Every structure is written in C-alpha cells, then in structure tokens.
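> okay, here's the prediction I keep looking at, along with the sequence it came from:
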Amino acid sequence: MTYPLSSTRYFEFDFVRRHLPSKTGNALDVASPYLFSFYMQKHGRFPIAMLNPDPADVKRTRRLMSELHIKGVDLMSVGLEELPNDRTFDVVWSISVVEHVRNGSFDDVSAVRRMYAALRPGGSLLLTVPVDRTCWDEYRENKDYGVQRSDGTGRYFFQRFYDERTVLDLMRQATGKQPDVLEWYGEKTAGHFHEYIARWQKEGMSYIVRDPQIFADAYRAYPSWSEMPGVGVCGIVAVKPSESKAI
C-alpha cells in the first residue's frame, strides 16, 4: 500500500483509538474504513463484527482479510437495518459513515439510534462526521458507493456536512442525551479542503500520497467549532448510561 490512510483519517483513526474503553469485550464496526478494524484486531485482541451494505466493498475487504491473514473479524454484508436486535456490544464505532446515510426513511438519526441501541449499558458509541460553517448536502454525478440512489436528475447524494447545532441535534434525537465528548479538527485556511478534493479527483493517487504532509501542515485541532474557519471533522463520544432508558 502506498497510502494506507488518506485525508482526515489521520485524526479520525486516532480519535476513535484514544476513546476506546479500557476494557473491551466485543466491538461493532459500522462500515468504517477497514484498516482501522484490521489494526485494532492485530493490537487490541478483541472480537470485532464489521457491517457493510456495499457488496463491492465487502468483496474487497474479504480479499484483503485473506491476504493479510486477519482473524477475529466477523464481516457481514448487511446494513444496520438488518443487525439482529439481540446482538449487543461494548463499543460501536463508525468512522465517516453517518453523513452518507440516506435510504428512504432510514436516515442519519435512524442509523445513530440503531448503533446506540446495540450498546450494552455502559458501552461507548464513537463517531466521526464532516463539519463546515453551515450545514449542507453534497451531491455528485458519480455513484461512489453501491447503495446510493439517484435524485432523479442524474446526481447522487454523497454526504452531508454538519455544523455544531446539527451535530447536537443528531445526537439528542438519536440517543436522548448530549454527547459526552466532542473534538474538532479541520483546515487552517477556509477553502483548502475543497481544493484538496478537486486535486484528488483530478490527479488521483499521485496527489494523495502527500496526505501525511498535507494534513500535518494545513490542518489542526480546534478547542471548539466556533473557532474553525471552514471544513473539518467532529469526533463524538456517547456513553450509554448503566441504567439506560428506552428512547
């Protein structure tokens, strides 16, 4: 691999790793970039269930699991809607996934609510989502994932960018509580991220092999969303109370 991580994954992987519970019995990974679960299985040594509704991505992940001799990971080619209700986990993580969820009535709130329901009391939900100065939806002409639907004009919903208010609204609606942790990371100069994406789409791998330098030089952590000049990522932790009430 010439670029094992790309873009804001350098912050996101570190955020989730730092906030994993000290004692983890079993974990659920909801459609995150597969390298994080591969890494955690090698170093964390706890069983991981991986959900992914994209058949092409599942096929690629299975091939890599075989080539890298990854054991202890149960990869399921299903969406959250099909997760058995009797399966519960000590920790659930989903890295840059929630913003892509829009499948009829099953939306981002539905997805986070289902993840939170899959936690045992005292368990931790770890999420990352993209943020900007205002909330907005991004559409693309190409179908980047195997589960996207056209909007009828030849475009496909790709993702939503949140702001602080919509992050808090999402978590309140889905979990019934405020997040326990919020962390913010983003560009130092407004507009840099969209310029980066444009060059990535034009130049491909020859450009993004520079990601470690790009994201070390042009991005940083911020104490709050209000101090961010533009696009970035929010890391979210929601701990399920030991005596949980139904939402």
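Yes, it's here.
> check which helix or strand the residue nearest to residue 232 when sequence neighbours are not counted maps to.
Closest residue in space to residue 232, ignoring its immediate chain neighbours: residue 186 at 1.9 Å, by Cβ to Cβ, 6 or more residues apart in numbering. The way it works is simple: take the backbone N, C-alpha and C, and place the C-beta from them, glycine included. According to DSSP states H and E, residue 186 maps onto strand 181-187.
> all strands of the chain, in order?
Per DSSP state E, the chain carries strands over the ranges 27-30, 48-51, 73-76, 89-95, 119-131, 136-140, 156-161, 181-187, 219-222, 232-239.
> got the contact list for the third one?
The list of residues contacting strand 73-76 from outside it, by Cβ atoms under 8 Å, 6 or more residues apart in numbering, reads 37-38, 41, 47-52, 58, 61-62, 65.
> show me which positions of it end up buried.
Across strand 73-76, burial judged by 16 or more other Cβ atoms under 10 Å covers 73, 75.
> from the chain's centroid, how far away is that strand?
How far strand 73-76 lies from its chain's middle: 17 Å, per Cα atoms, centre = their mean, to the nearest Å.
> who does it pair up with?
In the sheet, strand 73-76 lines up against strand 48-51 (parallel) (DSSP bridges).
> tell me, how many residues neighbour residue 226?
10 (other Cβ atoms under 10 Å).
> same check on residue 199?
Counted with other Cβ under 10 Å, residues neighbouring residue 199 total 15.
> distance of the residue positioned nearest the centre of the chain from residue 8?
By Cα atoms, centre = their mean, the chain has its centre lying nearest to residue 95, at 1.9 Å. Between residue 95 and residue 8 the computed distance is 10 Å (Cβ to Cβ, to the nearest Å).
> can you work out which residues contact both of those two?
Shared contacts of residue 95 and residue 8, counting by Cβ under 8 Å, 6+ apart, come down to residue 128.
> do I have it right that residue 172 meets residue 166?
No. Taking contacts as Cβ atoms under 8 Å, residue 172 lies outside contact range of residue 166: 10.6 Å.
> name the residue in these two with the higher neighbour count.
Neighbours were counted for residue 172 and for residue 166 using other Cβ under 10 Å; residue 166 has more, 17 against 13.
> ok, that one - contacts?
Shown in contact with residue 166 (Cβ under 8 Å, 6+ apart): residue 135.
> quick one: low-confidence ranges for this protein?
Scanning the chain for pLDDT under 70 picks out 1-4, 143-153, 244-247.
> recalculate using a threshold of 50.
Within the chain, the stretches with pLDDT under 50 are 1-2, 244.
> neighbours of residue 25, how many?
Neighbours around residue 25, by other Cβ under 10 Å: 13.
> who touches it in this structure?
Shown in contact with residue 25 (Cβ under 8 Å, 6+ apart): 46, 90.
> next, it: phi, psi?
Dihedral angles of residue 25 (phi, psi; degrees, to the nearest 10) stand at phi -80, psi -50.
> ok so, going back, ok, of the contacts of strand 73-76, which one's closest to residue 28?
The nearest member of the contacts of strand 73-76 to residue 28, counting by Cβ to Cβ, is residue 49 at 5.0 Å.
> and the nearest residue to the closest one once chain neighbours are set aside, how far from residue 29?
Excluding the flanking residues, the one nearest residue 49 by Cβ to Cβ, 6+ apart is residue 74, at 4.6 Å. According to Cβ to Cβ, residue 74 stands 10 Å off from residue 29.
> anything in contact with each of the two?
48-50.
> ok, so of those residues, who is nearest residue 121?
With Cβ to Cβ as the yardstick, the closest approach to residue 121 among the shared contacts of residue 74 and residue 29 comes from residue 49, at 18.8 Å.
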